[in-house]
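[1] quick one, fold the following:
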Amino acid sequence: KHQNGPFQGKYVEIQFSRGGEPVGGKISQFLLEKSRVVLQNSGERNFHIFYQLCRGTRPEMKAAFNLAGPECFSYLNQSGSFDADGIDDVKEFGETLHAMEVMGMDESVQEDIISVLSGILHLGNVQFRSAAGDDQVDVVDVRQLESPAAFLQIDCETLRLKLTSRLMESKWGGKSENINVPLNQEQACYTRDALAKGLEVNVGILDIYGFEVFRQNGFEQFCINYVNEKLQQIFIELTLKAEQEEYRQEGIQWSEIQYFNNKEICEMIESKNPPGIFCVLDDVCATVHAVTEGIDSKFCQKLAGTFSSYRYFSYATDQFTISHYAGSVQYSPSGFCEKNRDALNNDLLLLMQSSSNAFIRALFPEKVQDRSRPTTAGTKIRSQANRLVKTLMSCTPHYIRCIKPNETKKPGDFDMERVKHQVMYLGLKENINVRRAGFAYRRPFDKFLKRYAILTKETWPQWRGDPKEGINHLMAHVAMDRAQWQLGKTKLFIKSPESKAFRSHNSDRAVSNLRSRARDLYHGKKERRWCSLYRQYVGDYIGLDEHPGPTACLRREKLLRKKDKVLFAETVVKYDRRFRPVNRDLLLAADRLSIIGRELVIKRSVAVSDILSLHLSPYQDGFLVVKCRDGDDSLLEVACKTELLLLLLERNPDLKIDFSTSVEFSLPKRGLLGRTTRRVNFVCDRARVRQPDSVHDRRVATDDSARVVLKSSGIGGRGGLTVTVGSGLSNTTDASGPRPSRLVAAGNAPSVSSRRSSIRASRQPASCPRPGAGRETTTAAPASGSSRSRNAGKVLQPPQPAASCRNRRPPSDSSDNSRIRIRIRIPPPILTDSVIYQAVQKPGPPRPPVPRQKPPPPPPTAVPRCVALWAYDAQDTNELSFNVDDVIEIVKKDSAWWHCRLNGREGLLPSNYVREL
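    Below is the predicted model:
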C-alpha cells in the first residue's frame, strides 16, 4: 500500500494568458476518504498530519493543545500501526509549517488549523454509555468534552446535547413543535464520527489514486474502483468509441477494432432506475437507521436479489463480486452501511455555526434545510463523479497512464506479469490497435491547406479551387503513398504524416532551429554578412546527385559506406603554406571531414573526433582554421561556414570554437624540413563602409564591404597573412526570427527541398530559364524620383552563385523577384482635332493610289548584349568579373552560364546576374 496516498482525487484547472503563460489555477477535490479519519484497516495509518501533530510539535504547543503520543487517541490507535517506512513525522511537520508560511498563512490561521485538527483527535476520545434497561445514552466522562469544545470554540453543554440527541420537528395541523429525540449508543457514535469527518473534509490534501484490489476490499475500495470505472468510460468514449464513430461519419474505410465497453458496469453501480448498488445501499441505511447488527448482511442479500441476472455481478456467502474492467474484485459488505452514513444532521451544522471562531464557522457555510434528508457518502461520491465526468467531457483529454511495476516500492524490481495485466485492463492494447489501424492525424480541409500551402507554388498563398483538389495536389507533390491517407467528407486523415508527407515542412522547421543555434554561436563574437543572415541551409552545395565523383572517391578509400549520408558538401578555397589559394571540395560524411582535389583525389581526411578546435575572426569574412590532433592544420575559406560549424558541433559537442584577430596554425612536415607554423592576422577596415543614399549605392556598398583583401609577407609566406575585410553587421544581430518581408520574393517562399530541386534543375540546360523568360515585359526602375521614396530602406542582394565553374549552378530564378520592376504599357493613340474632323467628313472622290516606296536596307546585325544587374567577382580563371550596369557582349548562351566579352576579355558569367538588351 502507498503510505503517502491521500485517498482522494483532485482536478486541477490552470488558466493561461494569451501568450501561453500560466496566470492562475483552481484545484477541486473529489472523493476524499473521510472514513479513514475514524476507522483504519489493519496495518494502515490515519492521515499523516495527525501523527505529525503528536510527534513534531514543540513542548509548549503540545501543552497548549493537550497533545500526546498517537497511541493515546482512539482515532489513531485502532490499527496498531503508528509508523511508516521512509516517513519522519517530526521532519515533515516542520516542512508543513514552512509550506504554510510560503503560502502566506499568518500565525493566526496556522493556529486555527492546528486547533481544528486537535479538536478532531480529542473528539474521537469521547465515549458513550447507556443506563441499564434504557436506550438513552450519555457521555462517560464530561471532562472528555472540554478539550474538543475548547479547540472548536463551542459550548461544552451544547456539544454534549447534540451528540446524545437530535432535534425533530413535528407538525400537526398548522402548528409545529420541536422535540429532542434521544439517541442510542450506536447512533451517538455515528453522530460523533460524522462531526469528525465533517471537520476533516475541509483540510485540503491533494493527490489521486488508482484502481485498488486488496485481500479484503470494503466501502473505500468500492468507491475508488467506481470512480476509476467512470474515468475508464470517458477514455473509451473519447478515444476508442469516438474515433471509430468519426470514421463512420466521414466515410473512411478501415478495419473495426473490438474493445471492452464498461458502460453496463457503471450503470449497475450508479443507476437510479432501475436502482443501482448505491441506491440499494441508501435504501437499506434509511430503512434500518437505528440498527447496526446484521445490517450489512441484509444489504448483501438485497444486492443478490436485485442483481442476480447481471453478468458482471456474482454473490457468495457474506461477500459479492463485481467484474470491473481491471478484473474481478470481491467486496466484503462489512462496514458498508456504517461508512455510508456520512450524515451531518442539522443539529451538528447549527452547532458548528455557533462557534466563536470565524475560521471554524467558515468551514460550515451550508444552509440548514428543515425537511431534507441528510445526504449519504455514496450519494455524494456519485454526484461528484458525475460532475467530474461532465467537466472532463467538455475538454480535450490527454491521458497519462501510470503503471505500477511492483509491490515492493523498490527500484529495479519489475514484475512483468503485473505490468502486462495493467496494460491489458487499461485498454492500452485496444488503443494502440485503433491508432495502428486508423489514422493518427486528421485536419479539416481548410485548416490543412492553410497550414501546408507553402509547400507548392500552386497552393501558395491561397488555394482558390476545390479543397479536395488542392489536397490531392499537395499529396502528389510530397509523393505520399495513397494507402497512407484518405479524404473524408470534411477532413483529411493521414496515418503517419511525420514520416514522409511533410519532410519539407519539417526541414524548414529544422532550419529555423539551426538559425537559432547559429545566433547563440555568433552572438557578441562575430560580425554577420547581410546576404547570409537569412540564408536557408541546403547541405549539398555541389550537386552530388548529378556529380557523385567526390563520394565515389570516399567510398573507394573506404571512408564512406553506402548507407552513409553526405551532410555537407561545398567547394571551398584552401590556402597552402605560401598562402596560395586553390579550389577544393569539402565533404562532411560519416563523422569524417574530407578535402577532395580537382583530380578526385583525397587530399585530407580526418575524423570529427580528432578535430581539436575551430578558429574564426570576429569579422564578417569566411576564413576558418581547423586544428587537428595530429598537428596537420588547414586554412580554409568557406562561404557557408555557419552551417558547417553547427554540423560539426552536433557530432563533437566538446569541439572548441575560438574567435580571435590572430590565429597561428601548424603545417605538416615537408621533406627534410620539420613542422612549421603560419599566422593569419585579421584587420577590419571601417572606412570601406559608408551610408548608402540610394538602392544602387546599397548594392555597391554591401558588395564592397564583404570583399576581402589578402596580403602575405616574408619569403614563402613565413611572415604571415593579413586579411583585410570591411565592416559587417553588428555581432549582436538577431537572425532567429522570421525572414523580413523585404527579403522574400513575391509569391511563393521556397523551402529547403525546393531549393535543392532548383539547384539540381539548374544544372540541366533545358530547365534553366533566363530571368524574365515567359513573364511580362519588365525593366529595372531607376533609383531616383518616386522609386527612391517607395523603396527607401530596402537592401537588394544579388543571387548567390556556386563556388566553382565545374560544379556550378546559378541561383533559382525566383531570386530575381527582389529587383524593382515596372510594367511597360503602350499608351493609346492621341486623336487631334484634324484627325477627328477628317473622320467625320463625308467621303469625297477617290484619290489616286500613292506609289509604294522601297523599304530601307536592313541595319547591320547587332552583337547581342546584356547589362549587369549585380556585381560579380570571378572565382576561377575561366570566369569574367564585372560591375553593376556594365554592358557586356554575348558570345554564346550555354545553359545557365553564358560566354561573354567585356573590354577585350572573354569568360563565363552566371546568366541570372545580367539582363539581355
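
[2] neighbours of residue 188, how many?
    24 (other Cβ atoms under 10 Å). Every C-beta, even on glycine, is put in place using the N, C-alpha and C of the backbone.

[3] grab the nearest non-local neighbour of it.
    Spatially, and ignoring its direct neighbours in sequence, residue 188 is nearest to residue 128 (4.5 Å; Cβ to Cβ, 6 or more residues apart in numbering).

[4] what's opposite that neighbour in the beta bridge?
    Note on residue 128: beta-bridge partners by DSSP bridges are residue 139.

[5] return the distance of it relative to residue 192.
    8 Å (Cβ to Cβ, to the nearest Å).

[6] ok so, going back, pretty sure the residue nearest to residue 188 contacts residue 164?
    Yes: taking contacts as Cβ atoms under 8 Å, residue 128 lies within contact range of residue 164: 7.1 Å.

[7] find residues that contact each of the two.
    137, 138, 139, 188 (Cβ atoms under 8 Å, 6 or more residues apart in numbering).

[8] may I ask which of these has the most neighbours?
    For those, counting by other Cβ under 10 Å, the largest number of neighbours falls to residue 188: 24 neighbours.

[9] shouldn't that one be within a helix?
    Yes: counting by DSSP: H, G, I helix; E, B strand; the rest coil, residue 188 is found in a helix.

[10] could you measure from residue 26 over to residue 234?
    20 Å.

[11] more neighbours: which of the two?
    Counted by other Cβ under 10 Å, residue 26 and residue 234 do not tie: residue 234 has more neighbours, with 16 against 9.

[12] the more buried one belongs to a helix?
    Yes: residue state for residue 234 (three-state DSSP) corresponds to a helix.

[13] residue 394 is in contact with that one, correct?
    No: if you go by Cβ under 8 Å, residue 234 and residue 394 don't touch, sitting 11.2 Å apart.

[14] buried residues of stretch 55-65, list them for me.
    55, 56, 57, 62, 65 (16 or more other Cβ atoms under 10 Å).

[15] just those residues now: which is nearest residue 517?
    residue 56 (50.6 Å; Cβ to Cβ).

[16] thought the closest one was touching residue 94?
    Yes: with contact defined as Cβ under 8 Å, residue 56 reaches residue 94; the gap is 6.6 Å.

[17] tell me the secondary structure for residue 709?
    Strictly by three-state DSSP, residue 709 counts as strand.

[18] start the count at 20, not 1, going forward
    Okay, residue one is now 20; in that scheme the one you just asked about reads as residue 728.

[19] for the closest residue to it other than its chain neighbours, give me the pLDDT.
    Excluding the flanking residues, the one nearest residue 728 by Cβ to Cβ, 6+ apart is residue 743, at 4.3 Å. If you check residue 743, the pLDDT there is 92.

[20] now the one 4 residues further on
    In the predicted model, residue 747 carries a pLDDT score of 84.

[21] and the residue lying closest to it once chain neighbours are set aside, what does it touch?
    With Cβ to Cβ, 6+ apart as the criterion, residue 747 has its nearest non-adjacent residue at 2.9 Å, and that residue is residue 639. Contact partners of residue 639, counting by Cβ under 8 Å, 6+ apart, are 545, 546, 547, 548, 724, 725, 744, 745, 746, 747, 748.

[22] also residue 600?
    With Cβ under 8 Å, 6+ apart, residue 600 has these contacts: 592, 593, 594, 656.

[23] what sits closest to the first one if chain neighbours are left out?
    Right, residue 592. residue 656 (4.1 Å).

[24] what about the one you found, how many neighbours?
    18.

[25] hey, what's it bridged with?
    With DSSP bridges as the criterion, residue 656 is bridged to residue 592, residue 642.

[26] just checking, it touches residue 641?
    Yes: the criterion here is Cβ under 8 Å, and residue 656 meets it with residue 641 at 5.2 Å.

[27] burial measure for residue 119, as a count.
    16.

[28] list the contacts of it.
    Residue 119 touches 128, 129, 132, counting by Cβ under 8 Å, 6+ apart.

[29] and those, which are buried?
    By neighbour count, with 16+ other Cβ under 10 Å, the contacts of residue 119 hold residue 132 as buried.

[30] of all the contacts of residue 119, which comes closest to residue 732?
    Nearest to residue 732 among these is residue 129, at 79.6 Å by Cβ to Cβ.

[31] can you classify that closest one by secondary structure?
    Going by three-state DSSP: residue 129 is helix.

[32] where's it relative to residue 113, distance?
    13 Å.

[33] what of residue 206?
    41 Å.

[34] which one's more surrounded, the two?
    residue 206 (23 against 12).

[35] tell me how far that one lies from residue 156.
    Counting by Cβ to Cβ, the gap from residue 206 to residue 156 is 8 Å.

[36] what residues does the host helix or strand of residue 470 touch?
    Following DSSP states H and E, one finds residue 470 within helix 464-471. Outside helix 464-471, the residues that touch it by Cβ under 8 Å, 6+ apart are 462, 478, 482, 486-487, 489-490, 493, 509-511, 521, 524.
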